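Novice: Quick one, structure for this:
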Amino acid sequence: MDVLISRENHMKPATDVLYKAHQLQADRCGQPALSRGEFRARLPATYETDLTGLLVPRPGPTVQIKVLGEPKFQLGQVCITPNAAQALPASEVLAALARHATGDWGALDEHDQRENDRALLQGGRIVSVYTVSTGQKFWVITEANFTHTTVLLPEDY
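Specialist: Numbers count the residues shown, from 1 in each chain. Okay, the predicted model is just below:
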């Protein structure tokens with residue numbers, strides 16, 4: 001899986017965003033982070049919608065996120081805007097991506113949920129809306145051809 005970050009209307013590889021999250025969690029746990037090479041080597045083998053296995057767990061109680069059901073579609077390349085990467089906790093973004101792929105559209109109204117369900121059958125863009133623990137709302141959008149999924153803040157649209 002390629003993870004991309006949007007900068008000035010073009011996309012650049014940014015596995016470093018996830019690597020920085022890994023380093024931060026490792027530091028908080030007092031554990032050594034994986035080398036960049038080892039991190040990148042493990043990344044493609046990681047299940048597309050669950051990258052949490054790469055992250056070093058925090059000490060103390062942990063919360064395991066269970067994904068109910070099988071993914072309904074492929075996310076393609078996952079992209080995140082710079083604003084979203086800075087404002088949203090990585091673990092909550094990963095959980096939202098897992099929900100999105102299984103058809104849990106978050107805080108969408110019934111009409112938009114039906115549009116997503118229709119898009120799964122007939123083709124079309126799929127949009128989900130989630131809110132992180134800080135109260136920040138964000139969107140996850142998968143393009144109609146399933147080649148890209150973008151995580152963004154409403155003001156990034």
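
Novice: For the nearest residue to Val93 once chain neighbours are set aside, give me its contacts.
Specialist: Spatial nearest neighbour of Val93, chain neighbours left out: Val151 (5.7 Å); criterion: C-beta to C-beta, 6 or more residues apart in numbering. Any C-beta I mention is one placed from the backbone N, CA and C, and that applies to glycine too. Contacts for Val151 (C-beta atoms under 8 Å, 6 or more residues apart in numbering) come out as Val78, Cys79, Ile80, Thr81, Ala84, Leu88, Val93, Ala96, Leu97, Phe138, Trp139, Val140.

Novice: Mind giving me the PyMOL command for buried ones among those residues?
Specialist: To isolate the buried subset of those in PyMOL, counting by 16 or more other C-beta atoms under 10 Å, use the following:
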select buried, resi 78+79+80+81+84+88+93+96+97+138+139+140
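
Novice: could you redo the contacts of Val151 as TSV and give each row distance to Ser128 and secondary structure?
Specialist: Formatted as TSV, the contacts of Val151 follow (distance: C-beta to C-beta, whole Å; DSSP: H, G, I helix; E, B strand; the rest coil):
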residue	distance to Ser128	secondary structure
Val78	13	strand
Cys79	15	strand
Ile80	14	strand
Thr81	16	coil
Ala84	13	helix
Leu88	14	coil
Val93	12	helix
Ala96	7	helix
Leu97	9	helix
Phe138	9	strand
Trp139	7	strand
Val140	5	strand
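
Novice: Including pLDDT, could the contacts of Val151 go into TSV?
Specialist: Output for these, formatted as TSV (pLDDT from 0 to 100):
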residue	pLDDT
Val78	83
Cys79	85
Ile80	87
Thr81	89
Ala84	92
Leu88	93
Val93	89
Ala96	92
Leu97	88
Phe138	97
Trp139	97
Val140	95
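
Novice: Turn the contacts of Val151 into JSON lines, columns for distance to Gln113.
Specialist: Below are the contacts of Val151 laid out as JSON lines (distance: C-beta to C-beta, whole Å):
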{"residue": "Val78", "distance to Gln113": "22"}
{"residue": "Cys79", "distance to Gln113": "23"}
{"residue": "Ile80", "distance to Gln113": "24"}
{"residue": "Thr81", "distance to Gln113": "24"}
{"residue": "Ala84", "distance to Gln113": "22"}
{"residue": "Leu88", "distance to Gln113": "22"}
{"residue": "Val93", "distance to Gln113": "21"}
{"residue": "Ala96", "distance to Gln113": "16"}
{"residue": "Leu97", "distance to Gln113": "18"}
{"residue": "Phe138", "distance to Gln113": "18"}
{"residue": "Trp139", "distance to Gln113": "14"}
{"residue": "Val140", "distance to Gln113": "14"}
